[in-house]
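Novice: test case, fold it:
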Amino acid sequence: MEIAILIIISLGASWLTFFCGFGLGTMLTPVFYMLFKDLEIAIAATTVVHFLNNVFKFILMKKSVNWKVAIPFGLAAIPAAFIGASLLINYNDFSVLKYSIFGGTQEIFALNLAFGLILIGFALIELIASWSLAFSKQKLWIGGAISGFFGGLSGHQGALRTAFLVKYQLKKEVFIATGIVVALTIDIVRSSVYFTNLDIEFSDKWIYILISLMAALVGAISGKYFLKKIKLNTLNNIVSIAMLLFGITLALGFINK
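Specialist: Have a look, this model is predicted:
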């Protein structure tokens, strides 16, 4: 049963992530934690799948990358991701609120609350026409630095990266391919910091990582197939609604690492 859940989540989250640029890590970490009963190993296993899945997606989409956007965005993300990941090693998040709902208790942590509110703001800016903002190409480094820092610190780099890139009105293939390059850059930086500073031993857990990776690759392949059938406006709406829902669930404490 646990293996079936791992396959379904890995495939489904990878498929969804192909379009909106985020969600695989957030959905996969709890599944690995259920299997391994160790949060550090769960995060590390998720990082491996996330990184290799991004490598595969880059191979699928490399011809569509807009390097004029990806390079400044990615270069700014590198030092920011390093700083964020380094802080994570010594950072102790703290709870700001606990509340009961549906017979259970939810706990809101400071980092997730701040991150969730930022995402909600970006989503509303995109969904409400009168709130629309535009970023110049000269300001790409801002988006890279912010998404890189949060990517290293919390692992939630995809949502903020998407929030910035969606404002540049790129063609759907270009938007997705460029986001993959930036995601891969941040993954390389944060993975190097995590595995250098954390004592992690996968031992007999590689089979679960391999199963998850294979399912994620199938999700990526099917995502590329369906991309041809989705209009740009529909893709933008999917991204914005996903950001809004993700931000709300983070801010309310339904997603915690």
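
Novice: any idea how far the longest helix along the chain is from the middle of the chain?
Specialist: Using DSSP state H, we find that the single longest helix of the chain is helix 172-197. Mean C-alpha position of helix 172-197 versus that of the full chain (C-alpha atoms, centre = their mean, to the nearest Å) differs by 9 Å.

Novice: flag every buried residue along it.
Specialist: Using 16 or more other C-beta atoms under 10 Å as the test for burial, helix 172-197 gives 172-187, 189-191, 193-194. Heads up, the C-betas are built off the backbone N, CA and C, glycines and all.

Novice: could you check the angle the very next helix or strand once past it makes with helix 172-197?
Specialist: For helix 172-197, the following helix or strand on the C-terminal side (DSSP states H and E) is helix 206-227. Following axes from the mean of the first three to the mean of the last three C-alpha atoms, to 10 degrees, one obtains 160 degrees for the angle between helix 206-227 and helix 172-197.

Novice: can you show me the helices along the stretch 1-150 of the chain?
Specialist: Ranges of helices in the stretch 1-150 of the chain, per DSSP state H, counting those that start in this stretch, are 2-20, 24-36, 39-61, 67-90, 110-127, 140-154.

Novice: go through the ones you listed and name the closest to Lys229.
Specialist: helix 2-20 (11.3 Å; C-beta to C-beta).

Novice: what mean pLDDT does that closest one have?
Specialist: The pLDDT scores in helix 2-20 average 88.

Novice: tell me the buried residues in it?
Specialist: 6-7, 9-20.

Novice: out of those residues, the closest to Gly74 would be?
Specialist: Closest approach to Gly74 among the buried residues of helix 2-20 (C-beta to C-beta): Thr17, at 18.4 Å.

Novice: the closest one is in contact with Ala159, isn't it?
Specialist: No. Contact criterion C-beta atoms under 8 Å: Thr17 and Ala159 do not qualify, at 10.5 Å.

Novice: where does pLDDT dip in the stretch 101-250 of the chain?
Specialist: Across the stretch 101-250 of the chain, the ranges flagged by pLDDT under 70 are 126, 129-137, 155-157, 198-200, 232.
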